[in-house]
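Asks: Just the structure for this:
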Amino acid sequence: MDLDFGFFSIDLMQRYVLGGLAFSVQLTVIAATGGLLLGCLLALARLSPRRWLAVPAALYVNTMRSVPLVMVILWFFLLMPFVVGRPIGAELSATVTFVAFEAAFFCEIVRSGIQAIPRGQSHAGLALGMSGAQTLRLVVLPQALRNMLPVLLTQVIVLFQDTSLVYAIGAYDLLKGFDVAGKILGRPIEAYVGAALVYLLICSALSRLAARLQRRVAILR
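Replies: Now for the predicted structure:
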């Protein structure tokens, strides 16, 4: 097999790949931010003693965690136009789907982090005259989030890798950029190898950051 990686150039990256990389990074940031916010609300609902909050939240989280992400992407992309009465772009569909899907995973991370904080911390806050909401916001959540940082970053790494699944609905992400370049230049194998190397470099850098955070959190403990 005659492989030739000589076609990789700055012009190639700018013309085909950078736009896809920008969307992959944008999707990762939006999905991580929105998913974490929604996940925190779901976690609080799951921890609530009120069943009308806890049961629907648990049903949502367990359903999302039991279905492959690519199926959720395809369902939303293909079915939502019938619901809203008009086509939905691939990028918007991917963004909404990722936020909704990642919220279920962030929910379990946040819920575990909150439950790992000793109950004595909550009791101390209440003894100081704080309300339940103030104790959660000022005492429990800051400690839980600090402990969760390495796990949250690891989930973000997985999220970035999963952005390649939007290829299934035609969204122009990093993988799609390399795919288009490979087809136009007649070098599909080299293009996919190049895409794999870019994913490897980015995810390796994020993994090193996660490991450093984990060591720092361990020292703080």
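Asks: Which positions in the biggest helix by length in the chain come out as buried?
Replies: Counting by DSSP state H, the longest helix found in the chain is helix 188-220. Neighbour-count burial for helix 188-220, counted by 16 or more other CB atoms under 10 Å, picks out 190-191, 194-195, 198-199, 202, 206, 210, 213. Bear in mind the C-beta positions are built from the backbone N, C-alpha and C, glycine included.
Asks: tell me the centre residue of the protein?
Replies: Leu159 (3.7 Å; CA atoms, centre = their mean).
Asks: so that one makes contact with Ala31?
Replies: Yes: with contacts counted by CB atoms under 8 Å, Leu159 reaches Ala31, the gap being 5.9 Å.
Asks: Find the least confident helix or strand in this structure, judged by mean pLDDT.
Replies: Using mean pLDDT, DSSP states H and E, the weakest-scoring helix or strand in the chain turns out to be helix 10-12, at a mean of 68.
Asks: Which is the succeeding secondary structure element to that one?
Replies: Downstream of helix 10-12, the first helix or strand assigned by DSSP states H and E is helix 18-47.
Asks: ok now that next one, how far from the chain's centre?
Replies: 5 Å (CA atoms, centre = their mean, to the nearest Å).
Asks: For it, the averaged confidence score.
Replies: The pLDDT scores in helix 18-47 average 94.
Asks: Who are the packing partners of that helix?
Replies: Contact here means 3 or more CB pairs under 8 Å, 6 or more residues apart in numbering; DSSP states H and E; on that basis helix 18-47 packs against helix 51-66, helix 90-116, helix 141-162, helix 174-185.
Asks: Can you give me the buried ones in it?
Replies: 19-21, 23-24, 27-28, 30-32, 34-36, 38-40, 42-46.
Asks: Could you list the low-pLDDT ranges of the chain?
Replies: Filtered on pLDDT under 70, the chain yields the residue ranges 1-11, 217-221.
Asks: Now distance to Thr135 too, for the helices and strands packed on helix 18-47, in CSV please.
Replies: Shown next, in CSV, are these (distance: least, CB to CB, whole Å):
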stretch, distance to Thr135
helix 51-66, 19
helix 90-116, 12
helix 141-162, 9
helix 174-185, 43
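Asks: Of these, give the one that comes closest to Met130.
Replies: helix 141-162 (12.7 Å; CB to CB).
Asks: which helices and strands does the closest one pack with?
Replies: helix 18-47, helix 90-116, helix 188-220.
Asks: who wins for proximity to Asp179 among those helices?
Replies: Short answer: helix 188-220, nearest of the helices and strands packed on helix 141-162 by CB to CB, at 6.5 Å.
Asks: by contact count, what packs against the closest one?
Replies: helix 141-162, helix 174-185.
Asks: want to throw these into a markdown table with distance to Ala90?
Replies: A markdown table is the format used below for those (distance: least, CB to CB, whole Å):
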| stretch | distance to Ala90 |
| --- | --- |
| helix 141-162 | 15 |
| helix 174-185 | 10 |
